[in-house]
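> here's a sequence, model it:
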Amino acid sequence: MELSVGKILLILIIVVLVFGTAKLPKLGEDIGKAVRSFKKGMHESDDETSAESKSTDGKSKSGSDNTPQ
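Have a look, this model is predicted:
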């Protein structure tokens, strides 16, 4: 399914009819904030995951040094 220019215009017209021209800037702002928040959350999640893997690696190495021989 391709999005041609005609289909995009039809979607835009429907959006304008549903939300009205006065609410479109606010709607765009809210969508932008949501996308930024989502990206920030994903980045923080990646940081936490990499920090946890580093701490796990450090614990396993230090734990093997304490084994009796």
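
> quick one: mean pLDDT for the host helix or strand of E29?
If you go by DSSP states H and E, E29 is part of helix 24-65. Across helix 24-65, pLDDT averages out at 79.

> need the contact list for T56.
Contact criterion CB atoms under 8 Å, 6 or more residues apart in numbering gives no residues in contact with T56. Where C-beta positions appear, they are placed from N, C-alpha and C, glycine not excepted.

> actually, L27.
F19.

> can you start the count at 221 instead of 1 from here on
All set: I'll call the first residue 221, so the last point we hit is now L247.

> just how off-centre is the helix holding E249 within its chain?
Using CA atoms, centre = their mean, to the nearest Å, the mean C-alpha position of helix 244-285 is found 9 Å from that of the whole chain.

> can I get the CA coordinates of stretch 247-255 in PDB?
Output in PDB follows, covering the C-alpha atoms of stretch 247-255 (Å, rounded to 0.1, in the frame of the first residue of the first chain):
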ATOM      1  CA  LEU A 247      -1.800  18.800  18.700                       C
ATOM      2  CA  GLY A 248       1.500  19.000  16.800                       C
ATOM      3  CA  GLU A 249       3.200  20.400  20.000                       C
ATOM      4  CA  ASP A 250       1.900  17.500  22.100                       C
ATOM      5  CA  ILE A 251       3.000  14.900  19.600                       C
ATOM      6  CA  GLY A 252       6.500  16.500  19.500                       C
ATOM      7  CA  LYS A 253       6.700  16.400  23.300                       C
ATOM      8  CA  ALA A 254       5.600  12.700  23.300                       C
ATOM      9  CA  VAL A 255       8.200  11.700  20.700                       C
END
